[in-house]
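> sharing a model prediction with you, sequence too.
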Amino acid sequence: MAGRGSPTYAAVDRRDCVSCGTCAAVCPLGAVEVVRGCYAQVDPARCVGCGRCIRACPTGCIARVEREAAV
Amino acid sequence: MKRKRHLYDYLWLWSILYFSLGFFNILFAWLGMLDFLLPLIFALVGGNKFFCNHLCGRGQLFLKLGTALKGEKGRATPRWMYQRWFRYGFLIFFLVMFANILFQTYLVFAGAGSLREAIQLFWTFRLPWDWAYTAGAVPAWAAQFAFGFYSLMLTSLLIGLITMVLFKPRSWCAFCPMGTMTQGICRLRAGGGGVDEGA
């Protein structure tokens, strides 16, 4: 998967997510999906950490996470 | 890397068309009921926000316009705008205003009120809109609903445009009443609020 070579990926704080899907709309790799209309979820294996979803998210609930830190 | 485009990616055109049509003939405002009913149907039947995520022409328009206007920059949406108390408070306010539109429609239907060929912006400012309706074309109550509903749609569009300019392109989505309502429904269906399970 494309994302594994990247040192970071995007992660969603579900508490502030309004599940609008803006992140999924701007993601060039289709790495984000809205789960059951409740929150967005990033597939770390596909995410390359480009940050487009982070910049577009209206509630700022997406942050960049180091891959090592997440293990 | 380009994401595959779908036909529904162009629904921002529908949003422009809707407001243009309503400018010339107010009866087209009735088509806006699709934006009210479809999100609810998707949430209630499918348990998802497919409408918000893929079919919302207004959200697409804000993203397109906002990105064209200032790229991917944009100040963060103020935190209070997406906190629960504001989102649900705005939803309740919105529903009360919608109920008022229905009540005004009923008054005209019952003959207790007369048709007002005007739209009301921000629930306060009345603008004459009489060129958009030919008297007698449809029952007066149907026209009254159209004027009221178009007022609601145009007001929310303007609020969305203002927040788009001030903050992130789709800041409106943070407190959109339909988004709040459908997310609430989806969370209820998912159980546990839909945010606590998994990692």
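Perfect, thanks for sending it.

> am I right that B:Arg126 sits in a strand?
Yes - counting by DSSP: H, G, I helix; E, B strand; the rest coil, B:Arg126 is found in a strand.

> which ones are touching it?
By C-beta atoms under 8 Å, 6 or more residues apart in numbering or on different chains, B:Arg126 lies in contact with B:118-120. No exception for glycine: its C-beta is placed from N, CA and C like everyone else's.

> recalculate using a threshold of 7 Å.
By C-beta atoms under 7 Å, 6 or more residues apart in numbering or on different chains, B:Arg126 lies in contact with B:118, B:120.

> quick check: mean pLDDT of stretch B:168-176?
Average pLDDT, stretch B:168-176: 96.

> buried ones in that stretch?
By neighbour count on 16 or more other C-beta atoms under 10 Å in any protein chain shown, the buried set for stretch B:168-176 is B:168-176.

> show me the two of those that sit farthest apart.
Of all pairs drawn from the buried residues of stretch B:168-176, the greatest distance, 14.5 Å, lies between B:Pro169 and B:Phe175 (C-beta to C-beta).

> does the helix or strand containing B:Tyr106 come close to chain A?
According to DSSP states H and E, B:Tyr106 maps onto helix B:84-109. No - using C-beta under 7 Å from any C-beta of the partner chain, helix B:84-109 stays clear of chain A, coming no nearer than 7.5 Å.

> helices or strands next to that helix in the packing?
helix B:140-166, helix B:172-175, helix B:177-190 (3 or more C-beta pairs under 7 Å, 6 or more residues apart in numbering or on different chains; DSSP states H and E).

> can I get the second one in PDB? Just the C-alpha atoms.
Included here for helix B:172-175 are C-alpha records, laid out as PDB according to Å, rounded to 0.1, in the frame of the first residue of the first chain:
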ATOM      1  CA  TRP B 172     -21.100  25.500   7.300                       C
ATOM      2  CA  CYS B 173     -21.000  21.600   7.500                       C
ATOM      3  CA  ALA B 174     -19.800  21.900  11.100                       C
ATOM      4  CA  PHE B 175     -23.200  23.200  12.200                       C
END
